[in-house]
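Engineer: For reference, the sequence and a predicted model appear below.
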Amino acid sequence: QRRVHGAVAAALSKLNLPKPSLKTPDSSEEDDRDVEIQDDELPGSTAGDEDQFSSTDEDEIEEAPSSCPLEEQVSPQTTPLSVRPASVFVTSYTDDFLHLGSSKPITSTSGAGSRSASLVDPRRSSAAQRSSLGRSTTPHLSLTQFANEHSKPTQRIANRFSKKKTSSQEGPLTWTKDTLKKPLLPCNDKCQKKEALDAFKLIQSYMGDRACKMDQDDVCLAIVNKGWSTVTLRDEIYLQLCKQTTENPRPVSCQYGWELLAICLAFFPPQPKFHRYLDTYVSARATGETGGPHELRYALHSQRQLSRMRGGGGGGSTRTYPKPSIEEICTSRNSIFYPSMFGNALEECMALQKDRFPLRRLPWVQTSLAAEVIRLGGAQTEGIFRVPGDVDDVTSLKHRCDRWEVNGCSSDPHVPCSLLKLWFRELYEPLIPDEFYQRCMEECETPKGALKIVEDLPELNRLVLTSLVNFLQVFVAPENVAATKMDVNNIAMVMAPNCLRCECEDPRVIYENTRKEMSFMKTLLVNLDTKSIEEVI
C-alpha cells in the first residue's frame, strides 16, 4: 500500500494535481478527520466545506441500513473523500418516527453519552445544519427503510454499493395503478409470494383501482381471511395498504383504502416489529400533519385500535379477535363512524349513552339484556347461561343493540343471555381489572377478602359487578334452580371467565386458576349483599 501510495503521489506530482487523502495502515488518528465528519464539527462547518464533495444528484443518494456499521457504509480505505456520495450516513440506533416514502437525508443530534448519531447532508450550509440540529433529536424512519431492513443480507449488501435501485422495496412506497411484480417484504416461500401478490390485487379491487367481478364485501372478506389465518402475511398487507393510501390521486380510492385498513385492524394486528412504523404512519394522518380531510376520521379510528393493540401486546394470536365474516366486517365498517357498544371499555359505553340516557349510572346494554332475559322467562328455562342461543339470532340482536333496540328480536331467552355474556367477554378491559386478578386468586374462598376487593374496585366497575351479581342471584334461588338445573356452582363456572381474565399462557396456571376463578365468583354470589343496587339504573 505504501508503494502504491508513493507511485500515485509521484504521478500526481508530475501532473500538478492535488494529492489524494488515502489512509494507510500506520496513519495517525488525525488523518481520520480527512475522511469522517464528526458530530461536534457540524455546527462550526463553513460553506467552503461543500467544495470537498461531489454534486451527486439527491435522488441517487442511498439510505444505508441502520444495522450497517459506519466503516461498512463509507469505507475510507476504498473511497477517497473527493468521490464520496453527497451524504455521509452515520448509524442511528433510535427509530421512533417515520416519514413514508421519504428519500431526503435525516438530521438529528446525539446528546452526551448517547449512541444516536447524525445523518448529515454536507452540501447544506452550516446555518441550515444548525437549524435542523436544533429542531429534531430523533431520526425518522420510513416504511421503505423497514422493507429494506428486512430484506435478505446479500441483497442489502449488493444494494448498498449499487446506485441503481434493484428491488421494489428501494423506491418510495406510494400509490401505483400497476400490479406488483414481487412482494414489498422478502419471502422465500413461493406460495406465500403468490398470496402476497394476490392480496395486492384484491386491495386494488376494493379501492376501485382494478376491475373485479366480486362484491366489495366478498373482496374485503378474502383480504381479511388472508391476514387472519396467515401471520406472516399481515405486515405485507398493512404495508401494501400504506403504499396505496400514500399520494393517492383519487380521494375516493384513498378513502376505501383507509376503510380497509381500519377493518383489518379489527381482525388481526401487525407484527410487533412493524407496529411502531404503522402506528406513526397512522398518527401522522390522525393529527393532520399529512394526508387530506377524507383520511382524518379513518386515521383516528385506526390510531385508537393500534393504541389498544400496544397495550394488549399485539402479536400473532387470534384468540382475542373475531373470526372474519360478512356480518363482522359490516359491523367493523359501521363502527368507524358509529362506535359499537361491544368491544369497548365501560367508560366508553357510558360515553356513548350519555346524550340518550344522561342520568343512567349503569350501561344501557347490560340492564336491557338482563331485563329481556327475565321477560322471556329465562329464570324458568332449563340450561339458561349454559345453552347457547342461535348464532344468527345473537348476531341480529347485537346489531339491534347498536341501534338501541332490544325487544322483539327473539322469543328465546338463550339469545339475550348469550349476548349478555358476549358483551362482558368482549369488554376491552375485564370487568374485574387485571391489577385485582392476583388478589382474587388469593382470596377466592375468603368472603371477607373477596368483598374487600369489590369495595376497592373503581366505582363504575363496582356498580356493574354488583348489578351482575344481583341479576345472577335470581337464578340461584332454590325455586329457579329446580327448573333451570343451574345451581350456584354451574352459574359461577359459566360466568367467571366473563368477569376475570388470566394473562398467563401456561396451561398449568390457566387450569389451576380456572378453579380459583369459579370459587371467587361463587363466593360473591353467596355473600355479596346487592340490595343497594336494585334502585340504581
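Structural biologist: Yep, it's here. Values in this document were obtained by computation on a predicted structure and should not be read as measured data. Residues are numbered from 1 along each chain as shown.

Engineer: Run through the stretch 301-450 of the chain and note the low-pLDDT ranges.
Structural biologist: Applying pLDDT under 70 to the stretch 301-450 of the chain flags the ranges 310-320.

Engineer: Helices of that one, residue ranges please.
Structural biologist: 326-334, 346-352, 364-375, 391-402, 414-425, 437-442, 447-456 (DSSP state H, counting those that start in this stretch).

Engineer: Include mean neighbour count when you put these into TSV, please.
Structural biologist: Glycine gets a C-beta too; all of them are placed from N, C-alpha and C. Shown next, in TSV, are those (neighbours: other Cβ atoms under 10 Å):
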stretch	mean neighbour count
helix 326-334	18
helix 346-352	18
helix 364-375	19
helix 391-402	18
helix 414-425	22
helix 437-442	17
helix 447-456	14
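
Engineer: measure residue 273 to residue 253 for me?
Structural biologist: Residue 273 sits 29 Å away from residue 253 when distances are taken as Cβ to Cβ, to the nearest Å.

Engineer: Sorry, slip of the keys, the one I care about is residue 207.
Structural biologist: Counting by Cβ to Cβ - residue 207 and residue 253 are separated by 5 Å.

Engineer: Quickly list what's touching both of the two.
Structural biologist: residue 244 (Cβ atoms under 8 Å, 6 or more residues apart in numbering).

Engineer: Same drill for these two, tell me which one is more crowded.
Structural biologist: residue 207 (25 against 18; other Cβ atoms under 10 Å).

Engineer: coming back round to it: nearest to residue 517, out of the helices of the stretch 301-450 of the chain?
Structural biologist: helix 437-442 (7.4 Å; Cβ to Cβ).

Engineer: Would you confirm that residue 526 contacts residue 491?
Structural biologist: No - look at residue 526 against residue 491 with Cβ atoms under 8 Å: they stay out of range, at 10.8 Å.

Engineer: what do these two both touch?
Structural biologist: With Cβ under 8 Å, 6+ apart as the test, residue 526 and residue 491 reach no residue in common.

Engineer: neighbour-wise, which of the two wins?
Structural biologist: residue 491 (23 against 14).

Engineer: and the more buried one, how far is that from residue 284?
Structural biologist: Taken as Cβ to Cβ, the span from residue 491 to residue 284 is 49 Å.

Engineer: Could you do residue 390 as well?
Structural biologist: Counting by Cβ to Cβ, the gap from residue 390 to residue 284 is 45 Å.

Engineer: repeat for residue 257
Structural biologist: Separation of residue 257 from residue 284 (Cβ to Cβ): 15 Å.

Engineer: Can you pick out the residue with more neighbours from those two?
Structural biologist: Using other Cβ under 10 Å as the criterion, residue 257 and residue 284 rank with residue 257 on top: 28 against 18.

Engineer: Report the contact partners of the more buried one.
Structural biologist: Taking Cβ under 8 Å, 6+ apart as the criterion, residue 257 is in contact with 203, 206, 207, 241, 244, 245, 248.

Engineer: mind running it again at 7 Å?
Structural biologist: 207, 241, 244, 245, 248 (Cβ atoms under 7 Å, 6 or more residues apart in numbering).

Engineer: Check whether the fourth one really touches residue 259, as I assumed.
Structural biologist: No - the criterion here is Cβ atoms under 7 Å, and residue 245 misses it with residue 259 at 10.1 Å.

Engineer: Of these two, give the one with the bigger neighbour count.
Structural biologist: residue 245 (29 against 20).

Engineer: mind checking which helix or strand the nearest residue to the more buried one once chain neighbours are set aside is in?
Structural biologist: Closest residue to residue 245 apart from its sequence neighbours, by Cβ to Cβ, 6 or more residues apart in numbering: residue 257 at 4.2 Å. Using DSSP states H and E, residue 257 falls within helix 251-265.

Engineer: Grab the CA positions of that helix and hand them over as CSV.
Structural biologist: In CSV, the C-alpha atoms belonging to helix 251-265 read as follows (Å, rounded to 0.1, in the frame of the first residue of the first chain):
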residue,chain,number,x,y,z
PRO,A,251,-59.7,10.7,-2.9
VAL,A,252,-62.4,8.0,-3.2
SER,A,253,-59.8,5.3,-3.7
CYS,A,254,-57.8,6.6,-0.8
GLN,A,255,-60.9,6.6,1.4
TYR,A,256,-61.6,3.0,0.6
GLY,A,257,-58.0,2.1,1.4
TRP,A,258,-58.2,3.7,4.8
GLU,A,259,-61.6,1.9,5.4
LEU,A,260,-60.0,-1.4,4.6
LEU,A,261,-57.0,-0.6,6.9
ALA,A,262,-59.4,0.1,9.8
ILE,A,263,-61.4,-3.1,9.1
CYS,A,264,-58.2,-5.2,9.0
LEU,A,265,-57.2,-3.8,12.4
